[in-house]
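Student: okay, predicted coordinates and the sequence, questions at the end:
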Amino acid sequence: MTARILDGKRIADELLERIKGRVSVRVAAGKSQPGLAVVLVGADPASAVYVKNKRKACKEVAFRSFDYDLPAETPEADLYALIDRLNSDARVHGILVQLPLPPHIDATALINRIDPRKDVDGFHAANVGSLVLRQRGLRPCTPKGVMTLLAHTDRPVRGQHAVIVGVSNHVGRPMALELLLAGCTTTSCHKFTRDLPGFVAQADILVVAVGRPGLVKGEWIKPGAIVIDIGINRLDDGSLVGDVEFDAAAARASWITPVPGGVGRMTVATLIENTLEAAETFFD
Ligand SMILES: Nc1nc2c(c(=O)[nH]1)N[C@@H](CN(C=O)c1ccc(C(=O)N[C@@H](CCC(=O)O)C(=O)O)cc1)CN2
Ligand SMILES: [Mg+2]
């Protein structure tokens, strides 16, 4: 078997194109132009690239983007004041604080200061709670984007055994919940898991989000599995790879996401989707 490529770039571009159409319809109907506030604190080079891509996506779909590029030493109190202002600004439907934050800032407290209706990252405790309870709310972008990718395969999700490697707050754990809610039997693997190859070999759907190149060997993959690689690792030669041995896994899988050009592109498009959803659901 040679896997088909689950093309995150194409699927993300198509999603953005559909959102652009919905924005032009709503604006023509006299409704507000969706607005996204993107807050960057400090000068982490990777964060600067991600933020630039988010602002570019805003332009592409004719959202308003409100840009805040703040020095690394910005006091916590100033950030709370900014969030409070954005929470009460009717032009702003989505607020995003780029992570990681400098160490003197309590990221959890700052995120929980965002109005949950504007928390388009889906990181606020209220939104995570809504996901757990299968209630309406804004959902974390990377797992939600993966669900969109899975809908573009020719395979069902319901009833499959999904194995998720990685249990981070923003990716691995909500990913397991999304798959559970979609009808999968789920197994979460982490650093205390004793037989990672044994669990990976049982996966109809394998999602890996650890951040360690080559962690998952191609020979572990169950023939015909769908492989979703969320890892983004920059090697010494400057190239980007995921957590899965791509070529060997592609020889066994039915579908596989590339890195780059897979899940990362969906994360940004899903953030934009969440912002339109926030505007339509909570502020129209
Ligand atoms: N507030 C948030 N902070 C962070 C998030 C997040 O969702 N919200 N996620 C990551 C970073 N991130 C978005 O912010 C992100 C990471 C990677 C990509 C992406 O497009 N990756 C490309 C490769 C990009 C490259 O060349 O470096 C790909 O996979 O094709 C998008 C967004 C942590 N912080
Ligand atoms: Mg389908």
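Tutor: Arrived safely. Ligands and ions are numbered 1, 2, ... in the order given.

Student: leaving out sequence neighbours, find the closest residue to the closest residue to ligand 1 within the stretch 51-200 of the chain.
Tutor: The stretch 51-200 of the chain approaches ligand 1 most closely through residue 99 (3.6 Å), counting by Cβ to the nearest ligand atom. The way it works is simple: take the backbone N, C-alpha and C, and place the C-beta from them, glycine included. The shortest distance from residue 99 to any non-neighbouring residue, by Cβ to Cβ, 6 or more residues apart in numbering, is to residue 107 (6.2 Å).

Student: what do you get for residue 221?
Tutor: Using Cβ to Cβ, 6+ apart and skipping the chain neighbours, the partner closest in space to residue 221 is residue 252 (4.4 Å).

Student: same question, residue 37
Tutor: Spatial nearest neighbour of residue 37, chain neighbours left out: residue 66 (4.1 Å); criterion: Cβ to Cβ, 6+ apart.

Student: and residue 160, by the same measure?
Tutor: With sequence-adjacent residues excluded and distances taken as Cβ to Cβ, 6+ apart, residue 160 is closest to residue 204, at 3.9 Å.

Student: who's in contact with the residue nearest the centre of the chain?
Tutor: In the chain, the C-alpha nearest the mean C-alpha coordinate belongs to residue 142, at 1.7 Å (Cα atoms, centre = their mean). If you count contacts by Cβ atoms under 8 Å, 6 or more residues apart in numbering, residue 142 has them with 170-171, 175, 209, 230, 263, 266-267, 270.

Student: go with 10 Å
Tutor: Shown in contact with residue 142 (Cβ atoms under 10 Å, 6 or more residues apart in numbering): 121-122, 168, 170-172, 174-175, 178, 207, 209, 230, 263-264, 266-268, 270-271.
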